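Colleague: With the input below, show me the fold.
(one chain, ligands or ions: 1)
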Amino acid sequence: MTLPSKMRALIQLHDGYAGTQTGPDIDDIAPFVALRDVYVPTPGKGEALIKVHLAAVNPSDIHFIKGEYGQPRRKGIPAGFEAVGQVVGGDTPLIGQRVSFFATASGTWAEYALTDASRLVPCRADLAEPDAAGLLVNPLTAIALFDVVRDSGADSFVLNAAGSQLGKLLIALGRDHGIKPIAVVRRAAQAAALRDLGAAEVIVTGDADPLDQARNIFKTLSPRVLLDAVGDQFTADLFFAMPAQARWINYGKLATEAPVLTQLGQLIFQGKEIAGFWLTRWLQQTDPARIAEAFSDIQKRFVTGRWVTDVAGIVPLSDALSGLPLALVKTDGKAFIDPRQ
Ligand SMILES: NC(=O)c1ccc[n+]([C@@H]2O[C@H](COP(=O)([O-])OP(=O)(O)OC[C@H]3O[C@@H](n4cnc5c(N)ncnc54)[C@H](OP(=O)(O)O)[C@@H]3O)[C@@H](O)[C@H]2O)c1
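Modeller: Prediction:
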């Protein structure tokens with residue numbers, strides 16, 4: 001296949017970190033990325049070049065372009081972490097294969113992306129493109145976090161931002177394994193759909209007495225794990241209302257406020273714990289056989305309908321500057337960028 005020398009891409013406009021903490025909301029991406037024609041990256045040893053079919057837009061991408069994520073920005077390099085595409089070059093036997101991947105060298109909001117060849121995940125032919133484009137970040141995190149839930153030995157767990165794509169994957173895992181999800185959301189409109197999906201209880205933070213509701217639920221269900229993507233005061237209060245030995249696993253910072261930890265003594269006297277989870281670290285520390293098994297399970301779950309990707313919008317790369325913020329307003333599904341349009 002003859003490759004072009006130039007490609008269209010949304011390139012980063014800044015280096016390093018911003019030192020701010022403004023959260024994943026964004027109404028204008030122009031201060032952070034620009035649509036430019038740049039050279040197609042050249043794969044080096046151990047790298048693969050992929051023609052991108054469809055790229056996901058996750059909260060981590062928005063934290064990243066704003067300079068508020070766990071790794072520094074690189075000015076001039078395309079943004080975008082995950083996608084599906086076809087391998088078109090590089091140091092890999094997978095040339096010609098459709099793969100899901102996480103871009104490590106040159107990002108996915110572009111016609112071509114560059115990544116570590118050892119991280120390519122070949123896709124089943126019957127896997128839909130939006131499922132394949134979002135196959136890694138959220139599904140793998142759901143599997144990893146659900147392992148923590150299973151290890152807790154409790155027959156329930158608490159999760160917030162439960163209407164997020166990742167929250168819905170976790171609720172479906174709870175449903176399928178008989179471990180009751182106690183879902184926390186801020187919008188009452190999401191409650192019925194989450195109950196239908198498998199949530200045993202739904203707590204709406206905007207209700208008059210959400211903490212009292214939680215205390216009553218905890219008396220019956222005794223969850224041991226709180227999966228938290230929000231990190232606000234209600235989450236801290238919820239944790240201190242949980243039974244002894246509870247673990248608060250923070251994996252996201254959707255809220256910008258800093259919670260006050262009012263009952264730290266519970267860490268001493270009730271054996272409670274607070275920890276963080278980052279998929280990047282989990283991938284480095286986890287047995288490759290477990291990761292391969294997870295990818296097989298993940299694809300099977302999507303193909304058989306046990307997991308569903310809700311699509312908020314597919315934005316052409318050429319319109320991303322105006323179209324992406326509009327697609328991101330719809331929080332009940334994932335936004336994608338199509339570099340072929
Ligand atoms: N640590 C890791 O390795 C890792 C890996 C994957 C994902 N994550 C994190 O997981 C979280 C969910 O990701 P996703 O892709 O599933 O998200 P998503 O589908 O884009 O959904 C975002 C959700 O967050 C809710 N939300 C936003 N701001 C909020 C706030 N201040 N308080 C309460 N809820 C709020 C929204 O609720 P509304 O509908 O009410 O707006 C929406 O349901 C993100 O924080 C992401 O960074 C972390």
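Colleague: would you list every one of the strands in the stretch 1-150 of the chain?
Modeller: 6-12, 33-39, 47-57, 82-90, 98-102, 112-116, 121-122 (DSSP state E, counting those that start in this stretch).
Colleague: What residues does the spatially most central residue of the chain make contact with?
Modeller: Nearest to the centroid of the C-alpha atoms of the chain, with distances taken as C-alpha atoms, centre = their mean, sits residue 138, at 3.8 Å. When contacts are counted by C-beta atoms under 8 Å, 6 or more residues apart in numbering, residue 138 touches 58, 165-166, 169. No exception for glycine: its C-beta is placed from N, CA and C like everyone else's.
Colleague: go with 10 Å
Modeller: Contact analysis of residue 138 by C-beta atoms under 10 Å, 6 or more residues apart in numbering lists 56, 58-60, 82, 164-170, 279, 298, 307, 309, 334.
Colleague: Columns distance to residue 206 and mean neighbour count on top of the strands of the stretch 1-150 of the chain, output as TSV?
Modeller: TSV is the format used below for the strands of the stretch 1-150 of the chain (distance: least, C-beta to C-beta, whole Å; neighbours: other C-beta atoms under 10 Å):
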stretch	distance to residue 206	mean neighbour count
strand 6-12	35	22
strand 33-39	33	16
strand 47-57	27	25
strand 82-90	32	24
strand 98-102	35	23
strand 112-116	40	26
strand 121-122	39	17
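Colleague: and the ones you listed as TSV, adding mean pLDDT?
Modeller: Output for these, formatted as TSV (pLDDT from 0 to 100):
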stretch	mean pLDDT
strand 6-12	98
strand 33-39	98
strand 47-57	98
strand 82-90	98
strand 98-102	98
strand 112-116	98
strand 121-122	98
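Colleague: For the stretch 1-150 of the chain, which residues are neighbours of the ligand?
Modeller: Residues of the stretch 1-150 of the chain lying close to the ligand by C-beta under 6 Å from any ligand atom are 58-60, 137-138, 141.
Colleague: out of those residues, who has the most neighbours?
Modeller: The most neighbours of any of those, using other C-beta atoms under 10 Å, belong to residue 138, which has 26 neighbours.
Colleague: can you tell me how far residue 2 sits from the ligand?
Modeller: 36 Å (C-beta to the nearest ligand atom, to the nearest Å).
Colleague: gap between that residue and residue 198?
Modeller: Noted for residue 2: a distance of 49 Å to residue 198, by C-beta to C-beta, to the nearest Å.
Colleague: So if I had to pick from these two, which one is more boxed in?
Modeller: Using other C-beta under 10 Å, the more surrounded residue of residue 2 and residue 198 is residue 198, with 18 against 3.
Colleague: Roughly how far does that one sit from the ligand?
Modeller: For residue 198 relative to the ligand (C-beta to the nearest ligand atom), the value is 16 Å.
Colleague: What's the per-residue pLDDT of the closest residue to the ligand within the stretch 151-300 of the chain here?
Modeller: The minimum distance from the stretch 151-300 of the chain to the ligand, using C-beta to the nearest ligand atom, falls at residue 252 (2.4 Å). Residue 252 is assigned a predicted lDDT (pLDDT) of 97.
Colleague: what number of residues lie near the nearest residue to it once chain neighbours are set aside?
Modeller: Computed as C-beta to C-beta, 6 or more residues apart in numbering, the closest residue to residue 252 that is not its neighbour in sequence is residue 229, at 3.2 Å. When neighbours are defined as other C-beta under 10 Å, residue 229 has 24 of them.
Colleague: Could you tell me the phi and psi values at residue 229?
Modeller: phi -110, psi 0 (degrees, to the nearest 10).
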